[in-house]
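Peer 1: next come a sequence and a model predicted from it.
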Amino acid sequence: MPSSNNGEPLREFQGLDDNETVQWSQNARLSYRTCVLQGVLPLLLGTIILLSLASASHTAGVVAQVIMNVVGIIGGFGLLIMLIRVLYKSFQVQRTMYYITDRRLVEVLGTFIVREIPRTSLEGLEAWQFMRESLSHRSPGKEYINVRVCDPVSSTVIVMSAVGTDVPEVITKWSRKRRNTGQSR
């Protein structure tokens, strides 16, 4: 099995043309910021609010206890829904890979192509016209960014989550290659 640019084995996916070759690939990663903002932070805030209501119930009487019970039930379901959402998102992200072939940029979920942007749609454009990047998170010795690539022809958007900082340069070089000759402009 061929390997990707970072040494990981390439996963097979459906929809690759017979004479199309994969030039680059990378797994999606889950941003720590996403886990904290959508999972841990609401869980902590919910716990703090419930504890505050519980301590207030000693002085406020029956009304505060009724409010605490209602908020506790609603908050508990809300926290459960948030936890399920974060787990689902992390599962989906682990199954996502991004590929650059000689013809298109592809987002693959499992073995199926979810979104694709043909290189012909990006030819002649500067990187700032079709690509945006933002910091995802930092880990010791490495930064990860989110890259948003927009197809100006079909309005397709591929958001590459928590990828390496070299990805914008790779996409820019790929979009500038001439289709027939393979040379850079």
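Peer 2: Here it is on my side, so go on.
Peer 1: for the chain, just list every one of the helices.
Peer 2: Listed in chain order, the helices found in the chain under DSSP state H are 32-35, 41-60, 62-94, 127-130, 167-176.
Peer 1: which residues touch the residue lying closest to Gln92 once chain neighbours are set aside?
Peer 2: With C-beta to C-beta, 6 or more residues apart in numbering as the measure, Leu109 is the residue that lies nearest to Gln92, at 6.9 Å, once sequence neighbours are left out. Where you see a C-beta, it was placed from the backbone N, CA and C, and this is true even at glycine. When contacts are counted by C-beta atoms under 8 Å, 6 or more residues apart in numbering, Leu109 touches Gln92, Arg95, Thr96.
Peer 1: just the buried ones from these?
Peer 2: Thr96 (16 or more other C-beta atoms under 10 Å).
Peer 1: which of the contacts of Leu109 sits closest to Ser136?
Peer 2: Using C-beta to C-beta, Thr96 is the member of the contacts of Leu109 that lies nearest Ser136, at 14.0 Å.
Peer 1: need the helix or strand of this protein with the lowest average pLDDT.
Peer 2: Within the chain, no helix or strand scores below helix 32-35, which has a mean of 62 by mean pLDDT, DSSP states H and E.
Peer 1: picking that back up, rank the helices of the chain by mean pLDDT and give me the bottom one.
Peer 2: Per-segment confidence across the helices of the chain bottoms out at helix 32-35, which has a mean of 62 in mean pLDDT.
Peer 1: just the CA atoms of stretch 132-139, as PDB, please.
Peer 2: Output in PDB follows, covering the C-alpha atoms of stretch 132-139 (Å, rounded to 0.1, in the frame of the first residue of the first chain):
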ATOM      1  CA  ARG A 132      -8.200  31.300   4.500                       C
ATOM      2  CA  GLU A 133      -6.300  30.000   7.500                       C
ATOM      3  CA  SER A 134      -6.700  30.400  11.300                       C
ATOM      4  CA  LEU A 135      -4.900  29.000  14.300                       C
ATOM      5  CA  SER A 136      -6.500  25.800  15.600                       C
ATOM      6  CA  HIS A 137      -4.200  25.000  18.500                       C
ATOM      7  CA  ARG A 138      -0.600  24.600  19.700                       C
ATOM      8  CA  SER A 139       0.900  21.500  21.100                       C
END
